[in-house]
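Undergrad: Make a model of this:
(2 chains)
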Amino acid sequence: MKNDSKERSPEKKKQGVSRRAFLRGAGMTTAGTVALASGMLSFKAAEPAPPKTAVLGPGETEVRFVVNGQQRTLWIEPRTTLADALREHLHLTGTKVVCDRGSCSACTVWLDGKPVNSCMTLAVDVEGGEVTTVEGLAKNGELHPVQEAFIEHDASMCGYCTPGMVMSCAGLLERNPNPTLDDVKLATSGNLCRCGTYPKVFDATLAAAKKMKK
Amino acid sequence: MIPAPFDYAAPGSLEEAFSLLEQHGDEAKILAGGHSLIPMMKLRFASPEFLIDINNIPGLSHIKEEDGYLKIGALTREAELETSEVIRAKYPIFLDATKLIADPQVRNMGTVGGNIAHGDAANDHPAVMMALRAEVVISSAEGQRTVPIDEFFYGFYMTAVQPNEILTEIRIPVPGPRTGNAYHKLERKVGDYATAGVAVQLSLDENGVCTYAGIGLTNVNPVPMRAARSEEALVGHKLDAERIELAGQYASEDCNPSSDLRGDEDYKRAVVKALTKRMINKAIERATS
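TA: Numbering: from 1, shown residues only, chains lettered A, B, ... in the order given. You can find the predicted model right below:
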């Protein structure tokens, strides 16, 4: 089982260079995974050589991003999706993977405040970013108004689409505190619910919007 | 589903990206939004050995009118089109198209450049760009070149972008007065590829005679398709019901849809005809309002 406890392994740290470290402009010449950028030999001699870009993978590499307000460091392969990084490495299993190819939106999380499909986003691409999952919605032990409204309005049946649905609806209210029914429909248009809870999801979201204004 | 292993680099400049491309050739793939590429990698339809993530490269994300063109940076997210003021004011066709591209989550990541560079006739921007007669800016270490959209698509997933090149911008000639445009596709559900889609741009003179017609078709041909005969049927004429009927008829005859779960060939031709007529009428309405 891999988890972020590996961040404390000094051995591992030597194996790669995080993109963030690179972007800080560190004169990284010692890392084993530096691109040699042979292509630059063909550049005109007068042009300065482009800076070398760190090449990560295919093995585990260090990736850092904020999850639910906490800075996290993971050792993962570049092929690891954000969904798998959250579930398998950080054990935040609230985010569900259903279709695993961007068709159902069950894996919706916020990346820098915007709802995205975590199953189609590489975790390494999230370096330096800010992720909010359904576990991060509740504040100080109090559920988010959308979560409360989902309970009050009985807006989930089997529950598998619910975390993604909640993230879409709460995300809408972040952007638009006065949504119409059509706005809610649009915001959840990618979230598939095979139980057919949509009417209750819409009611719950509109009720939560009202409550949040008070 | 987990993609096959690959090396990954996120260069901070185009020059670095070009040198990586030169080094890795066609083993490398460009990662922009990744929403076409990553599912293909999971399904093993694509197994690039090297991913070059261009998301850290500045200067590739913009929507602006300049030098007679609407310039859209390749990294512009679909969602950014939805909220752009210049798009809202003058290019309603992008609002039509964008709201039909996948779903809101995908539009927050998916890019305009990626939608075109993927080279899929089922994507929506190619037909729109054909209607607008866009040019595609392709960059490499040697410099920039511009390719008209009609010469951009070579075949299924194949485009004019060579292994050492990156699509960096799309340029659309700023339309003259009395121009209207519109796009619609029939889809089975939100996020589905088009059963068929039609993009239309028309310009009219003061007497209502059509001076420009651009018509692009989505997902009814192996590559994105221009309905050339339909365009010719419109230009130089007043657009009465008969003309519009003729343009729709030509589009339905000239496209090459294949029968699949979205419908059989005859059905798709009928959809093309109906949508072509509808989009012409909508473009006229927008041109004259």
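Undergrad: From now on I want contacts and neighbour counts done on CA atoms only, so please keep to that.
TA: OK.
Undergrad: Contact partners for whichever residue of the stretch 151-289 of chain B sits closest to chain A?
TA: Chain A sits closest to residue B:190 of the stretch 151-289 of chain B, with a gap of 6.4 Å, by C-alpha to the nearest C-alpha. The neighbours of residue B:190, taking C-alpha atoms under 8 Å, 6 or more residues apart in numbering or on different chains as the test, are A:189, A:190, B:100, B:102, B:103.
Undergrad: What of residue B:257?
TA: Counting by C-alpha under 8 Å, 6+ apart, residue B:257 makes contact with B:219, B:220, B:221, B:265, B:268, B:269.
Undergrad: Show the end-to-end separation of stretch A:53-62, please.
TA: 15 Å (C-alpha to C-alpha, to the nearest Å).
Undergrad: and what of stretch B:115-128?
TA: Start and end residues of stretch B:115-128 are separated by 11 Å (C-alpha to C-alpha).
Undergrad: Strands of chain A, start to end?
TA: A:55-56, A:61-67, A:70-76, A:108-111, A:114-117, A:130-132 (DSSP state E).
Undergrad: Listing partners with orientation, what would you give for the fifth one?
TA: Within its sheet, and counting by DSSP bridges, strand A:114-117 is paired with strand A:108-111 (antiparallel).
Undergrad: Can you name the residues in contact with the strand it pairs with?
TA: Contact with strand A:108-111 is made by A:95, A:115-118, A:126, A:129-134, A:163-165, A:167-168, A:171, B:105, as judged by C-alpha under 8 Å, 6+ apart.
Undergrad: if we can go back for a sec, would a markdown table of the contacts of residue B:257 with pLDDT and secondary structure be doable?
TA: Output for the contacts of residue B:257, formatted as a markdown table (pLDDT from 0 to 100; DSSP: H, G, I helix; E, B strand; the rest coil):
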| residue | pLDDT | secondary structure |
| --- | --- | --- |
| B:219 | 98 | coil |
| B:220 | 98 | coil |
| B:221 | 97 | coil |
| B:265 | 98 | helix |
| B:268 | 98 | helix |
| B:269 | 98 | helix |
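Undergrad: Okay, domains of the chain per the record?
TA: Just so you know, I chose chain A. Following automatic domain parsing, one gets these domains for chain A: A:2-45, A:61-213.
Undergrad: wait, I meant chain B there
TA: For chain B, automatic domain parsing gives the domain ranges B:7-53, B:63-173, B:179-284.
Undergrad: Including distance to residue A:109, could the ones you listed go into TSV?
TA: As requested, the domains of chain B are exported to TSV (distance: least, C-alpha to C-alpha, whole Å):
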stretch	distance to residue A:109
domain B:7-53	15
domain B:63-173	9
domain B:179-284	18
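Undergrad: among the ones you listed, which is nearest residue A:67?
TA: domain B:63-173 (18.4 Å; C-alpha to C-alpha).
Undergrad: returning to that earlier point: what's the closest of the contacts of residue B:190 to residue B:172?
TA: Nearest to residue B:172 among these: residue B:100, at 20.5 Å, using C-alpha to C-alpha.
Undergrad: can stretch A:196-208 be found next to chain B?
TA: No: Stretch A:196-208 stays clear of chain B (C-alpha under 8 Å from any C-alpha of the partner chain), getting no nearer than 14.3 Å.
Undergrad: Okay, buried residues for that stretch please.
TA: Using 16 or more other C-alpha atoms under 10 Å in any protein chain shown as the test for burial, stretch A:196-208 gives A:197, A:198, A:200, A:201, A:202, A:203, A:204, A:205, A:206, A:207, A:208.
Undergrad: could you list every residue that touches the residue of the stretch 101-250 of chain B found nearest chain A?
TA: Closest residue of the stretch 101-250 of chain B to chain A, C-alpha to the nearest C-alpha: residue B:105 (4.4 Å). Counting by C-alpha under 8 Å, 6+ apart, residue B:105 makes contact with A:105, A:108, A:114, A:115, A:116, A:117, A:190.
Undergrad: which parts of the stretch 1-150 of chain B sit against chain A?
TA: Residues of the stretch 1-150 of chain B lying near chain A by C-alpha under 8 Å from any C-alpha: B:1-12, B:15-16, B:18-23, B:34-35, B:38-39, B:42, B:53, B:102-106, B:108-109, B:141.
Undergrad: Show the buried residues in the residues you listed.
TA: B:2-3, B:5-12, B:15-16, B:18-23, B:34-35, B:38-39, B:42, B:53, B:102-106, B:108-109, B:141.
Undergrad: Narrow these to those in helices?
TA: Members of these lying in helices (criterion: DSSP state H): B:15-16, B:18-23, B:38-39, B:42, B:104-106, B:108-109.
Undergrad: what two of those have the greatest distance between them?
TA: Across those, the longest distance by C-alpha to C-alpha is 36.1 Å; it joins B:23 and B:104.
Undergrad: Could you list the low-pLDDT ranges of the stretch 1-150 of chain B?
TA: When the per-residue scores of the stretch 1-150 of chain B are filtered using pLDDT under 70, no range remains.
Undergrad: Can you report phi and psi for the most centrally placed residue in chain B?
TA: A centroid search over chain B (C-alpha atoms, centre = their mean) returns residue B:125, at 1.8 Å, as the residue closest to the centre. Backbone geometry at residue B:125, expressed as degrees, to the nearest 10, gives phi -60, psi -40.
Undergrad: Thank you, goodbye.
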